[in-house]
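Undergrad: Below are the sequence and a predicted model; questions follow.
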Amino acid sequence: SNGSTAAAFSPAMLYVEASGVRVEVGNSNTAFDSVALMYAPEIGFQERSFGDPLGSYYSFSSGPYDFAENNRVGIYAAYSVSGVNLKASLVQPDQAEANPGVTEQDEMSLAADYSNGQFTVAAAYVQNGLGIEDNDQTFVGVAYKFSDAGSVGLNYNDNGEIGGLEVGKSYTLYGNYTVNGITLAAYVADLDVDGADTAYGLGASYDLGGATLAGAIESGFLGETRADLGVRMSF
């Protein structure tokens, strides 16, 4: 090797879409990861939140699979009509069974959400998240847009288990409000694990026209503090 680094591409995903139906095969999206409201509490330049799901599950891979996932394949189907979105997915971590001794399970997930412009409700379930047996997770969210400038929402996550240990259930209350081009956003999250602190975050963003200046400061379940600030470009 001459020391150069080649570009690393994500695996292929093929899809067809017509009359409100979309079907993906390969490096597909998943129903659980695609449900509405799940990531609504995210704030700041890096668009993150301690109120995000804490469990492990498959999603579209924006980079190459790791070695153990070379034979991973997924299928995803979605149907949308009159504000209702229904989704289902199946991921086989090792379709060719090329990794003997690795007991990865098929991940299956279902999701549904509905919005009438003012109210949004959403729910999702995943079985064997990330191919881990019995790592079953549930999400429920509801949001209310009280004006063109602001909204509030509440998310619930049962974050499943890893290695037989429960990750815990989390509850996140969040909201945002825009005035004079500045959007203020905040959240408070609780995790039902002994010793866990209440997490919270406060963020702000400003539309520069083609770019957004955004930043946030957060405190996590372990009392850790993190902050970010930056400009996101849109093309």
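TA: Right, received. Where do you want to start? Numbering: from 1, shown residues only.
Undergrad: Could you find the closest non-adjacent residue to the spatially most central residue of the chain?
TA: Among the residues of the chain, the one closest to the centroid is D33, at 4.8 Å (Cα atoms, centre = their mean). Nearest in space to D33, with sequence neighbours left out and distances taken as Cβ to Cβ, 6 or more residues apart in numbering, is S59 at 3.8 Å. For every residue, glycine as well, the C-beta is placed using N, CA and C.
Undergrad: Just the element for the one you found, please.
TA: Using DSSP states H and E, no element contains S59; it sits outside every helix and strand.
Undergrad: before we move on, what about D33?
TA: helix 31-34.
Undergrad: Which helix or strand lies directly C-terminal to the worst-scoring helix or strand of the chain on mean pLDDT?
TA: The helix or strand with the lowest mean pLDDT-type score in the chain, counting by mean pLDDT, DSSP states H and E, is strand 161-162 (a mean of 84). Counting by DSSP H and E, the next helix or strand C-terminal to strand 161-162 is strand 165-166.
Undergrad: partner strands of that following strand, parallel or antiparallel?
TA: The strands that strand 165-166 pairs with in its sheet are strand 161-162 (antiparallel) (by DSSP bridges).
Undergrad: So which residues make contact with the strand it pairs with?
TA: 55-56, 132, 134-135, 167 (Cβ atoms under 8 Å, 6 or more residues apart in numbering).
Undergrad: buried set for stretch 169-178?
TA: Using 16 or more other Cβ atoms under 10 Å as the test for burial, stretch 169-178 gives 169-170, 172-176, 178.
Undergrad: Restricted to helices, list those.
TA: Under the assignment DSSP state H, those contribute nothing to helices.
Undergrad: what two of these have the greatest distance between them?
TA: K169 and T178 (31.2 Å; Cβ to Cβ).
Undergrad: Excluding covalently adjacent residues, which one is nearest to D192?
TA: According to Cβ to Cβ, 6+ apart, the nearest residue to D192 is K169 (4.9 Å).
Undergrad: No further queries at this time; thank you.
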